[in-house]
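A.B. asks: Would you be able to build a 3D model of this:
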Amino acid sequence: MTTEDTFFNPAKLSPRDKAAATDASAKAIITAEATAREKKTEALKALRLQREAETPPQDAPAKKKRAGSKTTAPS
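C.D. replies: Numbering: from 1, shown residues only. Okay, here's the model as predicted:
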């Protein structure tokens, strides 16, 4: 059986303790997101390298030369 005293925390946290808890939670979230981002980057890089290895390199198309001006210069 729970009572209000055991269910709710009667002791108030100091502002310093609240800030420390928030800081720890934020750092944990940031670290988890960075780890997930690094894993995703590694997986995408591996897939890109595999795809590049499977496809033969294509030569770049030759650039077209621009035609000169068709107007005649005044003499």
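A.B. asks: quick one: average confidence on stretch 67-75?
C.D. replies: In this model, stretch 67-75 carries a mean pLDDT of 65.
A.B. asks: The residue nearest in space to the middle of the chain and residue 31: what is the separation?
C.D. replies: Closest residue to the average C-alpha location of the chain: residue 37 at 5.4 Å, with Cα atoms, centre = their mean. Plainly put, residue 37 is 11 Å away from residue 31 if you go by Cβ to Cβ, to the nearest Å. (C-beta placed from N, C-alpha, C; glycine too.)
A.B. asks: likewise residue 14?
C.D. replies: Counting by Cβ to Cβ, the gap from residue 14 to residue 31 is 25 Å.
A.B. asks: and the longest helix along the chain, what's its mean pLDDT?
C.D. replies: Looking across the chain with DSSP state H, the single longest helix is helix 15-54. When pLDDT is averaged over helix 15-54, the result is 96.
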